[in-house]
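Structure here, sequence nowhere to be found:
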């Protein structure tokens, strides 16, 4: 559990630089700069080692996956240890032959792996063919204890599901963290683009308010072309840090890489939950139907 009153955090909003070595080299530079600016917790974007390969279905993309522990976790562990920070990465995990996950890994400040979370909700939408690549997570919604607090780590598509955020909160998470890769179809008109981005931000603000917790969401930026001739994706950035009433503590821009810094008051959730005791007033005796797919 956290003993800090205020936690300096950094979100590394970045574009793809070509391959894992290039991306990890940029991450090392950005993390070094963030820690010089005081960060104790650093969150990276979803699948930060390369392009968002899920725009198409190709078995050759599975060659990008690696075991955990593995080469990337070793490099990220060294980075966390070198700067004495808690670092949250996002990797394409090869668990076994034909079995792969979209996995967030939390590194403690001594370089050890504090825990990992396997993405539970897997999308299958135009341009987001993740069900072809990822097996749904089987580690549940369990926060990860670190030297800076108990982290409720979820991944991208999980951000649309209040159940995941709630279960993390009920297990004592002190912050909710979402490494993310989300953007626009360039062919959509501006009104549709605005609706999608605003809905994404509102979902995070809702998780913060409903659970009385800070929320950190780190997205990528830049246009990534489709390997199959479609329009590709314009990733909209907009990484943000929210307080427990959904208030913005920091927000990044839409188009450019950025190190987003914020100070999170770890005592504020306690105060907010005393005036808005949503956990107290839950009618757990009446929620049984939530376990059904649909109420016919």
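All right, it came through fine. None of these values were measured; they are calculated from a predicted model.

Check the spacing between residue 257 and residue 141 real quick.
31 Å (C-beta to C-beta, to the nearest Å). For the C-beta atoms, the positions are set from N, CA and C on the backbone; glycine is no exception.

Those two: who's more crowded?
Taking other C-beta atoms under 10 Å, residue 257 and residue 141 do not tie; residue 141 has more neighbours (22 against 17).

Now do the SS call for that one.
coil (DSSP: H, G, I helix; E, B strand; the rest coil).

Model confidence score at it, please.
pLDDT, residue 141: 98.

residues contacting it?
120, 152, 154, 164, 167, 168, 171 (C-beta atoms under 8 Å, 6 or more residues apart in numbering).

and if you look at residue 220?
13-16, 45-46, 48, 52, 180-181, 183, 235, 237.

Mind giving me the ChimeraX command for buried ones among those residues?
The ChimeraX selection below is limited to those of the contacts of residue 220 classed as buried (16 or more other C-beta atoms under 10 Å):
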select :13,14,15,16,45,46,48,52,180,181,183,235,237
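
Which of the contacts of residue 220 fall within strands?
13, 183, 235 (DSSP state E).

Adding distance to residue 274 and secondary structure, write the contacts of residue 141 out as CSV.
Listed next are the contacts of residue 141 as CSV, based on distance: C-beta to C-beta, whole Å; DSSP: H, G, I helix; E, B strand; the rest coil:
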residue, distance to residue 274, secondary structure
120, 31, coil
152, 20, strand
154, 26, coil
164, 25, helix
167, 22, helix
168, 20, helix
171, 20, coil
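
now residue 250, what's its secondary structure?
Quick answer, by three-state DSSP: residue 250 is strand.

Next, count neighbours for it.
Around residue 250 there are 18 residues (other C-beta under 10 Å).

what about this structure, any weak spots by pLDDT?
In the predicted model, the chain carries pLDDT under 70 at residues 1-3.

mind redoing it with 80?
1-4 (pLDDT under 80).

Which single one of the contacts of residue 141 is nearest to residue 253?
residue 154 (23.6 Å; C-beta to C-beta).

can you tell me which residues contact that closest one?
104, 117, 119, 120, 141, 164, 165, 168, 176, 177, 178 are the contacts of residue 154 under C-beta under 8 Å, 6+ apart.
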